[in-house]
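Asks: My questions concern the predicted model and sequence given below.
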Amino acid sequence: MSNALIPDVQNTADARRIAIDKVGIKAIRHPIKVIDKNGGLQHTVAVFNMYVGLPHNFKGTHMSRFVEILNSNERELSVESFEPMLREMVARLEAETGHVEMTFPYFVNKAAPVSGVKSLIDYEVTFIGEIHSKGSYQFTMRIVVPVTSLCPCSKKISDYGAHNQRSHVTVTAVLNDHMWIEDVVTLVEQQASCELFGLLKRPDEKYVTERAYDNPKFVEDMVRDVAGKLNAEERISAYCVESENFESIHNHSAYALIELDKRANN
């Protein structure tokens, strides 16, 4: 049977007059190449969520076209190339609005603070692109940064030592200009009790232990200090910063969140 004789059910009319905000595919894995700050390429695997808005008069969208778009984009992905891919998707699906989320592990080669030995540490990164109804584009970057936090109260009341924990600081930032993943990671790590490293020698362990002890942070301190830096960052239009401390002396986490839309204050 020729394609002309095969019915296109998705393209038929719908009489319910109810538009759908997002319709598409979710949790599809696809290999990608990401440009890093040093000009290199990282080969990794991303999980994509891809949606378009469906007008009330269409019965369905063409799900296969989402996969076609992924497979046709063999180019390197970056903050700059994300918008063209999203606009291509909206055009191919004959939609007015679109939304793409791409989550992937991103690796940074870090040198230990004393020995200088290098090792990779990974960060969970999500690119979020949105095309709004009048064609405007918004790019959001979300990064989960693992760090060390040390309890100021424990340090104050104990005769020796203090409990510390690994914390996940998540920054979700709407960008108005180019900003490298590494820039956000560094911004967060500088506000922690201490940053994390993949590999440490004994002199490095001594350093990070003492560094955290000299720089205690409550979960509240963590989000406030990061928010202060985000407030001063002109490339960020809006943000949400969260910190979850996986407590070492409790079976629950401590959590704090700050969000701000700078555009609302202008």
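Replies: Sure thing, it's come through. Residues are numbered from 1 along each chain as shown.
Asks: now the top strand by length along the chain, how far from the centre of its chain.
Replies: In the chain, taking DSSP state E as the definition, the longest strand is strand 20-35. Its chain's C-alpha centre and that of strand 20-35 lie 14 Å apart, by CA atoms, centre = their mean, to the nearest Å.
Asks: what's in contact with that strand?
Replies: 41-54, 60-61, 63, 66-67, 70-71, 75-78, 97, 99, 102, 104, 106 (CB atoms under 8 Å, 6 or more residues apart in numbering). In short, each C-beta sits where N, CA and C put it, glycine included.
Asks: report the angle between the axes of the helix or strand of the chain with the lowest mean pLDDT and strand 20-35?
Replies: Sorting the helices and strands of the chain by mean pLDDT, DSSP states H and E puts helix 63-72 at the bottom, at a mean of 83. Relative orientation of helix 63-72 versus strand 20-35 (axes from the mean of the first three to the mean of the last three CA atoms, to 10 degrees): 10 degrees.
Asks: Show me what counts as buried in stretch 84-96.
Replies: M85, L86, M89, V90, R92, L93, A95 (16 or more other CB atoms under 10 Å).
Asks: now the residues you listed in JSON lines, with secondary structure?
Replies: Converted to JSON lines, these look like this (DSSP: H, G, I helix; E, B strand; the rest coil):
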{"residue": "M85", "secondary structure": "helix"}
{"residue": "L86", "secondary structure": "helix"}
{"residue": "M89", "secondary structure": "helix"}
{"residue": "V90", "secondary structure": "helix"}
{"residue": "R92", "secondary structure": "helix"}
{"residue": "L93", "secondary structure": "coil"}
{"residue": "A95", "secondary structure": "coil"}
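Asks: what stretches of the stretch 151-266 of the chain score poorly on pLDDT?
Replies: Within the stretch 151-266 of the chain, the stretches with pLDDT under 70 are 265-266.
Asks: how near is the residue nearest to I69 when sequence neighbours are not counted to Y160?
Replies: Setting aside the residues directly before and after it, I69 is nearest to M89 in space (CB to CB, 6 or more residues apart in numbering), at 5.2 Å. Per CB to CB, to the nearest Å, M89 is found 58 Å from Y160.
Asks: and if you look at F66?
Replies: Here F66 is placed at a distance of 58 Å from Y160 (CB to CB).
Asks: Among those two, which residue is more densely surrounded?
Replies: Ranked by neighbour count (other CB atoms under 10 Å), F66 and Y160 place F66 first, with 23 against 5.
Asks: Surely M179 is in contact with V79?
Replies: Yes. Contact status for M179 versus V79: in contact at 7.4 Å, counting by CB atoms under 8 Å.
Asks: Common neighbours of the two, please.
Replies: Here M179 and V79 share the contacting residues M141, scored by CB under 8 Å, 6+ apart.
Asks: T172 versus P203, what's the distance?
Replies: According to CB to CB, P203 and T172 sit 36 Å apart.
Asks: who has more neighbours, those two?
Replies: Taking neighbours as other CB under 10 Å, P203 and T172 compare with T172 leading, 17 against 11.
Asks: who does that one bridge with?
Replies: R142, C240 (DSSP bridges).
Asks: quick one: it from E233, how far?
Replies: For T172, the distance to E233 - CB to CB - is 14 Å.
Asks: just the helices in the protein please.
Replies: For the chain, the helices defined by DSSP state H cover 63-72, 79-92, 152-157, 181-189, 202-213, 219-232.
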